[in-house]
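Visitor: Just the structure for this:
(chains A and B)
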Amino acid sequence: MSQLFDFRQCITLLKSTGSTAKTLAELRDRIGTISEPSLYHHTYQYFLKGHILEYTNDFAEWAGQNLEERELAEELSNVDPYDFPDINELREELLRVMGLYLERFPEPRETRRGEEFYFNETITLVFPAGVRAKNLAEFLIAVKYVDRSCLYYHFYDSRYRLGGRVNDFSQWLADSVNKKELAERLMEIDPFVHSLEGIRERIVSAIEAEVRFDMESAGVHHEVREELKRDMIAAGGRP
Amino acid sequence: MISQYYGVAPKGDLMLLQQLCGPLRKRRFLHINSTKEGGGVAEILHRMIPMLQELGVDARWEVIKGDAVFYDMTKKVHNSLQGDEETFTKEMWDYHYEINRRNAENLDLDADAVLVHDPQPAPLIQFRKNGTWMWRCHIDVSNPRRETWDMVRKYSEKYNAAIFSVSRFAKAMRLDEFIVPPSIDPISEKNRELSAEEIQDTATRFSIPSDRPVLLQVSRFDRFKDPLGVIKAYRMAKKYNDCVLVLAGSPASDDPEGEKVLNEVRQYASDDPDIRILLLPPFSDKDINALQRMATVILQKSLKEGFGLTVSEAMWKGKPVIGGAVGGIPLQVVHGVTGFLVHSVEGAAFRIRQFLNNPEMGARMGERAREFVRNNFLITRQMRDYLSIWYALENSGRRTLEL
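Guide: Numbers count the residues shown, from 1 in each chain, chains lettered A, B, ... in the order given. As a prediction, this is how the structure comes out:
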């Protein structure tokens, strides 16, 4: 008996920490001491913005846009928060990148007044999206139409909550509808390089291929089914 | 009333509002400010209170009463918090407190949550009976006069939380500080959809041609809005693309400089028949709406700005905006995505030419701009945030709240 997937979405309430930085050295020092929720907000939660900005976290965006330190902005952008099992390891990596840069360029300029970096953190409110799926077909339709914050909550936020590469979608697919391969394919989608809409497209495409395969192979003998699967993979329409 | 927002505001915001109104149902939510009419705060409260009531929250709105001496003093406080030099005596601050004390005697301050708007009624916290008290600061306090801020802070730090419009305005204080941007009401007269006839009516009355692109800036005639810079940019662009410039604004009765700036603008525009300087009476919301809808490109070339909500109003009409990179404008105009940020007259001229020669790009950015406002700057989001803060304060200490 499969369990329903109850889609949930989230909003964030922004809170000021009162901490600011006006130079790169100050930014580095504050990154060393800010709370985990603040570090989380400026890195992991950046993806909730939907990749409309140039860089991949708030620190890089500020260094690039406000201080015009584009090289550092690129280096910071290349730090993928999902590479680190612990947020404090991410903190260490950011400090390492900034430390190396500051060794090479020890006196970068101050930002203009009013353009300082403001350290914030958030409170997240999670609530039901009012959509439930009991099988793969319903799940597919839901993923196509749910709010972006729903995708963020189940695909991005869950990686942090659950640890590792697991996300809510993959967990449900593997545990409740016995789609372990599909679950694995969703885990292979790189959260770092796509916008939320890009993530949606890839998830939809993977599930559609699975549903198509299920339809075409329904009632077919096991060997033929495996052959069909190989053909579909060869044609690019995997499962 | 809330049903008017279905299909307009994001579904998630409306759902969260309804779900928050479960735990907050029949709870008393009191708003207090200092004016019933005029200004963005009153405008939003007029809409927000009935909607909260409809959702089941026992919402009320009280307005403090003062005399001319009080309002003269609080106007100075407002200016001083924005950085102007003003002089205050101990008697003035005592009077500020005294007026609030008298109001506290007459107001029913008994509520589960109280949201006090701006510094005028801030001392009411001294007369708190119960409930969660939040102080909402709508003013740009990024660079205040220290002594004035210290006096206001004396009161604001006694609240459970303070709410500022942007991160830059928040201070290092001993209480929770939330960031809630202001918002526009998509179904108000200023922002609702207009028929082609309504738009044409405004165009006819103001003799605005429909056969050429229209550049528009809506703002007070104030040096910080750089109306002369807008005319210069228009002239640079006009060498290459025929267009019309409309500068529309209301006279600001509290701004003696306004008349002077308006005369300078008229003189600088000289006898150019393609520059329309429109001095609109207060409450010209529908005309401003129509002007924005007929415009090809909208400018907000400010040199200094608070939040600059006229930018969101323009974006809501699906128009590409060229904005000065100051105040809250960069929070609304994402450069190259929902419009362009500029730092000079030349920058504005260049971007005008780009938009006039590339209508598809303007349409694309305008569409993204409207979606950006839908997701970030509508009244339903502001309501959602106020209720969420109240709920979060009652569940203090938790980073994630599950509803």
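Visitor: Spatially, which residue comes closest to residue B:117, not counting chain neighbours?
Guide: Nearest-residue entry for residue B:117: residue B:33, 3.9 Å, with adjacent residues in sequence omitted and distances by CB to CB, 6 or more residues apart in numbering or on different chains. In this view, the C-beta of every residue, glycine as well, is placed from N, C-alpha and C.
Visitor: The one you found: what's it in contact with?
Guide: By CB atoms under 8 Å, 6 or more residues apart in numbering or on different chains, the contact list for residue B:33 reads B:41-42, B:45, B:61, B:63-64, B:116-118, B:120-121.
Visitor: residue contacts, residue B:288?
Guide: When contacts are taken as CB under 8 Å, 6+ apart, residue B:288 is in contact with B:190, B:218, B:248, B:280, B:313.
Visitor: out of those, who's nearest chain A?
Guide: Taking CB to the nearest CB as the measure, residue B:313 is the one of these closest to chain A, at 20.8 Å.
Visitor: Can you tell me the closest non-neighbouring residue to that closest one?
Guide: For residue B:313, ignoring the flanking residues on the chain, the nearest one in space by CB to CB, 6+ apart is residue B:184 at 5.5 Å.
Visitor: so that neighbour makes contact with residue B:378?
Guide: Yes - under the criterion of CB atoms under 8 Å, residue B:184 lies in contact with residue B:378, with a separation of 6.6 Å.
Visitor: And the helices in chain A?
Guide: Ranges of helices within chain A are A:24-33, A:36-42, A:58-65, A:70-77, A:87-104, A:136-145, A:148-151, A:158-162, A:168-176, A:180-188, A:196-216, A:222-234, based on DSSP state H.
Visitor: and residue B:226, which of the ones you listed is closest to it?
Guide: Ranking those by their distance to residue B:226 (criterion: CB to CB) puts helix A:58-65 first, at 22.3 Å.
Visitor: what's the distance between the spatially most central residue of chain B and chain A?
Guide: Nearest to the mean C-alpha position of chain B, counting by CA atoms, centre = their mean, stands residue B:309 at 4.2 Å. The gap separating residue B:309 from chain A is 18 Å, by CB to the nearest CB, to the nearest Å.
Visitor: Next: residue B:301.
Guide: Noted for residue B:301: a distance of 18 Å to chain A, by CB to the nearest CB.
Visitor: List the contacts of that residue.
Guide: Residue B:301 makes contacts with B:217, B:225-226, B:229-230, B:233, B:322-324, B:342, B:348, as judged by CB under 8 Å, 6+ apart.
Visitor: Contact residues of chain A facing chain B?
Guide: For chain A, the residues in contact with chain B (CB under 8 Å from any CB of the partner chain) are A:9, A:11, A:13-16, A:18-19, A:37, A:52-53, A:113-114, A:116, A:118, A:120, A:122-130, A:147, A:149-150.
Visitor: okay, which residue is most central for chain A?
Guide: Mean-position check on chain A, CA atoms, centre = their mean. Result residue A:156 at 3.6 Å.
Visitor: quick one on the thing from earlier: could you list which of the residues of chain A next to chain B belong to strands?
Guide: Assigned to strands by DSSP state E, the following of the residues of chain A next to chain B qualify: A:9, A:11, A:13-16, A:18-19, A:118, A:120, A:122-130.
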